[in-house]
Structures are given as C-alpha cells and as structure tokens.
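>>> Here is my input, please return the structure:
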Amino acid sequence: WVHAERLVHRLDTFTEAARQAKETVRSLIWWVYADLKAYRDAPTPRRKAEMTARFERIFKRRTGFATLDRLLARLRANKNDLLRVLDRPEIPLHTNGSENDIRCQVIRRKISAATHSDDGRDCRDAFLGLNKTCRKLGVSFWDYLGTRLGAPVASPVPNLAELVTARCHA
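This next block holds a predicted model:
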C-alpha cells in the first residue's frame with residue numbers, strides 16, 4: 001500500500017485540477033489503508049464486502065488527469081495483492097520488516113562498493129543472513145559461528161533451524 005501511494009505521490013501535476021485530483025486520491029488511499037488495518041483486528045464478511053466495494057470505487061474512478069487515471073487502472077489490476085489482507089488478516093500490510101532485513105546489506109554495499117566475485121557476494125549474503133537470524137533469535141553470532149566451527153565457546157548454540165522451529169511452536 002505504501003508503494004502504491006508513493007506512485008501517486010510522485011506524479012507531476014501542472015494544473016490545479018490535477019493537483020486536487022492527486023491529493024483526493026492520496027487521501028482515499030490512506031483512508032482505505034487505515035480501514036484495512038482496522039479490519040485486520042476484527043475481520044467480518046460484511047466489512048470485507050464493504051472494503052472490496054470501496055476499493056473498486058476508488059480505483060475505477062476517472063479524475064480527468066490522464067496519467068493518474070492510467071495509474072489507478074494499473075493499481076486496480078493488482079487488486080488481489082492489495083486486498084490479500086481481506087482473505088488473510090494475519091499478513092502485514094507493509095514490507096517494513098523485509099526492508100529492514102536487507103538494510104545492513106545495502107549499507108555494506110554502499111561502504112565497500114561491491115564484491116569482486118560471485119562467490120564473494122554469496123559468502124557476504126550468507127553471513128549477513130546468519131548474523132540477522134542470530135540477532136532475531138537473541139543468539140550471539142560469534143558463539144553460533146564458534147559452535148559450528150568447533151571452537152571452544154562460552155555457550156554452545158544449537159542449530160538455527162531448531163531454534164526457529166521452537167520459536168514458531170512457542
């Protein structure tokens with residue numbers, strides 16, 4: 001939803017009518033987003049039907065601003081993805097968690113440019129992924145690595161797959 005609204009936000013407008021149409025659509029998108037967040041807490045078939053109808057009204061509208069109208073049609077084509085929360089209220093409406101997970105990789109890439117080989121890239125990605133998983137599980141990455149390499153460590157760490165499975169069942 002945030003990415004959908006961002007596309008509308010980035011549109012260049014040259015007339016007051018186009019600016020007004022753009023702002024109206026943006027406010028309608030944020031209104032639907034807020035109601036979808038509320039729907040997640042108390043889903044009902046009636047609210048699902050209302051949200052679907054509202055989505056159709058917003059994304060079928062003709063504003064007179066051709067670029068915005070084409071964008072609304074493109075977003076309407078993604079209706080299943082944008083309204084997936086109506087069928088699966090447990091899924092998040094945003095990708096902040098995923099974007100935060102790769103943030104350390106982006107920072108590393110900006111600092112050191114790039115790796116010199118595909119093997120280097122794969123190694124960097126694997127270790128950053130292990131480090132992030134350890135952090136999420138509250139496990140010392142260095143203890144985990146030491147356990148895997150057979151080094152004497154203060155507290156041996158079990159296999160990450162076992163820890164993830166245990167966390168899922170808890």
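>>> Which parts of this structure are helices?
2-9, 16-41, 45-60, 66-77, 79-82, 84-87, 96-112, 118-137, 141-149, 160-169 (DSSP state H).
>>> neighbours of Leu82, just the number please.
Using other C-beta atoms under 10 Å, Leu82 is surrounded by 21 other residues. (Glycine included, C-beta is placed from N, CA and C.)
>>> again with Arg57
11.
>>> how near is it to Ala77?
Using C-beta to C-beta, to the nearest Å, one gets 16 Å for the distance from Arg57 to Ala77.
>>> Over to Ala42?
For Ala42, the distance to Ala77 - C-beta to C-beta - is 29 Å.
>>> Neighbour count: those two, which is higher?
A direct count of neighbours by other C-beta under 10 Å for Ala42 and Ala77 places Ala77 higher, at 11 against 8.
>>> Excluding chain neighbours, give the residue nearest to the residue located most distally from the centre of the chain in space.
The outermost residue of the chain relative to its centre, with distances by C-alpha atoms, centre = their mean, is Pro152 at 39.2 Å. Nearest residue to Pro152, sequence neighbours excluded (C-beta to C-beta, 6 or more residues apart in numbering): Gly146, at 7.4 Å.
>>> My guess is that neighbour contacts Cys134. True?
No - using C-beta atoms under 8 Å, Gly146 is not in contact with Cys134; the gap is 11.8 Å.
>>> Out of the helices and strands in this protein, which is least certain?
helix 96-112 (a mean of 66; mean pLDDT, DSSP states H and E).
>>> related to what we said a few turns ago, least confident of the helices of the chain, on average?
Per-stretch mean pLDDT for the helices of the chain is lowest at helix 96-112 (a mean of 66).
>>> list the contacts for Gly64?
Going by C-beta atoms under 8 Å, 6 or more residues apart in numbering, Gly64 touches Ala17, Ala18, Ala21.
>>> List the residues that contact the closest residue to the second one other than its chain neighbours.
By that I understand Ala18. Spatial nearest neighbour of Ala18, chain neighbours left out: Phe65 (4.3 Å); criterion: C-beta to C-beta, 6+ apart. Counting by C-beta under 8 Å, 6+ apart, Phe65 touches Leu11, Thr13, Ala17, Ala18, Ala21, Lys22.
>>> Please parse this protein into its domains.
Per the TED database, the structural domains of the chain span 1-86, 114-169.
>>> Quick check: which of the ones you listed is buried the most?
Among the domains of the chain, domain 1-86 has the highest mean neighbour count (mean count of other C-beta atoms under 10 Å), at a mean of 15.
>>> Could you dump the domains of the chain into TSV and include distance to Leu93?
Below are these laid out as TSV (distance: least, C-beta to C-beta, whole Å):
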stretch	distance to Leu93
domain 1-86	6
domain 114-169	21
